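Q: fold the stuff below for me.
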Amino acid sequence: MKPEIHPDYHFVTVKLADGTTFQTRSTMSGDTYNSEVDSTNHPFYTGKRQFVDTTGRVEKFRRRYGNKNAGNTENAGEENA
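A: I've put the predicted structure just below:
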């Protein structure tokens, strides 16, 4: 193997939504990963359908990743006109 071309592969602590934790190895940055979904609350495993708040998911996405193209969408409409 060539030196200095591989990502850092280290131990990461995974914390599930129910509070359970375990250790695994990963190339992700950081020492912990917090999961919001696991087998105790996912409809596939529980067999229960639950109402999905799509508006909340969109807002969560915007908070996490920001609205980077907000200014570009307004200008794009003017250029096409």
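Q: use CA for all of it now, contacts and neighbours both
A: Will do.
Q: in the chain, where is pLDDT below threshold?
A: 1, 43-45, 49-55, 67-81 (pLDDT under 70).
Q: what segments of this protein are strands?
A: For the chain, strands defined by DSSP state E occupy the ranges 10-15, 21-26, 32-34.
Q: helices along the chain, start to end?
A: Remark: helices assigned in the chain by DSSP state H are 43-46, 54-65, 70-80.
Q: before we move on, back to that, dump the strands of the chain to CSV, plus mean neighbour count and distance to residue 59.
A: Below are the strands of the chain laid out as CSV (neighbours: other Cα atoms under 10 Å; distance: least, Cα to Cα, whole Å):
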stretch, mean neighbour count, distance to residue 59
strand 10-15, 16, 23
strand 21-26, 12, 28
strand 32-34, 14, 19
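Q: save those as JSON lines, and put in distance to residue 48 too.
A: JSON lines is the format used below for these (distance: least, Cα to Cα, whole Å):
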{"stretch": "strand 10-15", "distance to residue 48": "23"}
{"stretch": "strand 21-26", "distance to residue 48": "24"}
{"stretch": "strand 32-34", "distance to residue 48": "23"}
